[in-house]
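In: Return a 3D structure for these sequence lines:
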Amino acid sequence: MDTVRQFTCPACKAFIEVQEGTSTCTCPGCKKKFLIRRTEGGDTLHEIKKPSFFHSTVSPLVQHVITAAVIVVFAYAAYFYIQDLSNVIPGIDEYLPAAEYGPASGEEANDESTDPGTLVTADPFKDVTILFRGVNGRATACADIVTDNEALKMLRYSLEPNSNLSSGDRMTLKVVSTDEEIAALGLKLSETKKEYQVGSLDRYVSYLDEIPDEVLGKIYLAGLDKLENTYKNYGDYEAPVVTRTQGWTFDKMYLLNSKEDESNFLFVQYKSKYSDGTNETVIFNTVRFRCLVLKTDNSVDCTYDCIPVFRMNHLFGSSILGASGYDDETELFNQVIRPYTEGYNLSEGSEEDNKRMVLAADKALAARLYAQQHPEGTEGT
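Out: Below you'll find the predicted structure:
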């Protein structure tokens, strides 16, 4: 009885049973044919691929001739395509090999643009503006050229340094186009590098008194709205015997400046009052703002992070108070603000800072109320 051997199909992993002595087999799963090769390490399967018409019917010599002909056709097509581009792209021929687009052997170059007598002298930095982005210490810069001179627009520049810039830093702007490229544009440059000094840059707010009153009012309203929305979302959990007797009002604020990059957080603390009919307690909460940036025009740009810190289910006598916040001001500070002090310098708002916030808050609330009552009117005085 013939011995039956079993292989695993390399393609579909199906089992293939083969009679001993058979040199080929077909997978019952994927129907591919395999050659059984005997090696020192054991028998292996190798797929039998049907040769293409080209390789099976054409002799090797003819194959090489056809391949060479295809290469020549593509080479000529590329040559004439690039030659056609030189008619529509100024200066492209300057970047092509001289053997192809330079003067023919024994002939003189007839290119007036490379004649020093015909070059036009130009200042490459006349219409250049240095644009800055970011804050002091981490600003980036780039060169922007606005000119009607098409040749100057073709120049390439390099600005160094162009990142992590601070006010007072010096940068060098260079023309990095080669002499050949500049001459091909018909230009002779009056200078090829120029030094610039970084002027005033936006920076992070370092002190609370740098924040304008108008911005303080906007900050107060943003935090107030966030807390009121939180109260609406969770107010249903209040025990029926507990009522809010005073809405959220400003209490104090803290400014934290990073010790590494001067980025900042502003914590604005609010307070409200609740009563169970006999006792009254004060609930404290804080809203976090981040990245207060003092602009060069002395305005302040703020990312309204507006993350309120809230904790539910405060014990109020025998009642459960479902208000968001802390009933202990010290605990709020220790739990929310103190963890930041390790990497930040903390400054609490002074009495004068807090007074400014109260006045700014009153003015902002009055302006909002007037706008609500006069939707198509002008702002009240």
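
In: Which stretches in the stretch 151-300 of the chain count as helices?
Out: 179-184, 213-234 (DSSP state H, counting those that start in this stretch).

In: Can you point out the buried residues in the shortest one?
Out: Neighbour-count burial for helix 179-184, with 16 or more other CB atoms under 10 Å as criterion, is recorded at 181-184. Quick note: C-beta positions are derived from backbone N, CA and C, even for glycine.

In: got CSV for the helices of the stretch 151-300 of the chain, with distance to V4 and mean pLDDT too?
Out: Below are the helices of the stretch 151-300 of the chain laid out as CSV (distance: least, CB to CB, whole Å; pLDDT from 0 to 100):
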stretch, distance to V4, mean pLDDT
helix 179-184, 76, 92
helix 213-234, 73, 82
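
In: Quick check: which of these is nearest to E150?
Out: Evaluated over the helices of the stretch 151-300 of the chain, closeness to E150 peaks at helix 179-184, with 13.0 Å, by CB to CB.

In: before we move on, the earlier item: need the helices of the stretch 151-300 of the chain in JSON lines with distance to A68, can you?
Out: Formatted as JSON lines, the helices of the stretch 151-300 of the chain follow (distance: least, CB to CB, whole Å):
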{"stretch": "helix 179-184", "distance to A68": "36"}
{"stretch": "helix 213-234", "distance to A68": "74"}
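
In: quick one: which of the ones you listed is nearest E160?
Out: Closest to E160 of the helices of the stretch 151-300 of the chain is helix 179-184 (CB to CB; 20.0 Å).

In: How far away from the center of its chain is that closest one?
Out: Distance of helix 179-184 from its chain centroid, counting by CA atoms, centre = their mean, to the nearest Å, is 37 Å.

In: all strands for the stretch 1-150 of the chain, in order.
Out: For the stretch 1-150 of the chain, strands defined by DSSP state E, counting those that start in this stretch occupy the ranges 4-8, 15-19, 24-26, 33-39, 42-47, 120-122, 128-133, 140-145.

In: Where do the domain boundaries of this protein fall?
Out: Domain ranges of the chain: 4-47, 59-108, 122-197, 204-373, per automatic domain parsing.

In: Which of the ones you listed comes out lowest on mean pLDDT?
Out: Ranked on mean pLDDT, the bottom entry among these is domain 59-108, at a mean of 52.

In: Enumerate every residue touching the closest residue to V146 other than its chain neighbours.
Out: With CB to CB, 6 or more residues apart in numbering as the criterion, V146 has its nearest non-adjacent residue at 5.6 Å, and that residue is D127. Counting by CB atoms under 8 Å, 6 or more residues apart in numbering, D127 touches 145-147, 149, 152.

In: I figured A151 hits K188, correct?
Out: No: applying CB atoms under 8 Å, one finds A151 not in contact with K188, separated by 10.8 Å.

In: Between the two, which is the more surrounded one?
Out: A151 (18 against 14; other CB atoms under 10 Å).

In: For the more buried one, which residues are in contact?
Out: Contact analysis of A151 by CB under 8 Å, 6+ apart lists 120, 122, 185-187.

In: Dump those to a markdown table, plus distance to D261 and neighbour count.
Out: Below are the contacts of A151 laid out as a markdown table (distance: CB to CB, whole Å; neighbours: other CB atoms under 10 Å):
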| residue | distance to D261 | neighbour count |
| --- | --- | --- |
| V120 | 47 | 11 |
| A122 | 41 | 19 |
| L185 | 43 | 24 |
| G186 | 47 | 17 |
| L187 | 43 | 22 |
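
In: between these, which is nearest Y370?
Out: Proximity of these to Y370 was ranked by CB to CB; the top entry is A122 with 58.0 Å.

In: Many thanks, I have nothing further to ask.
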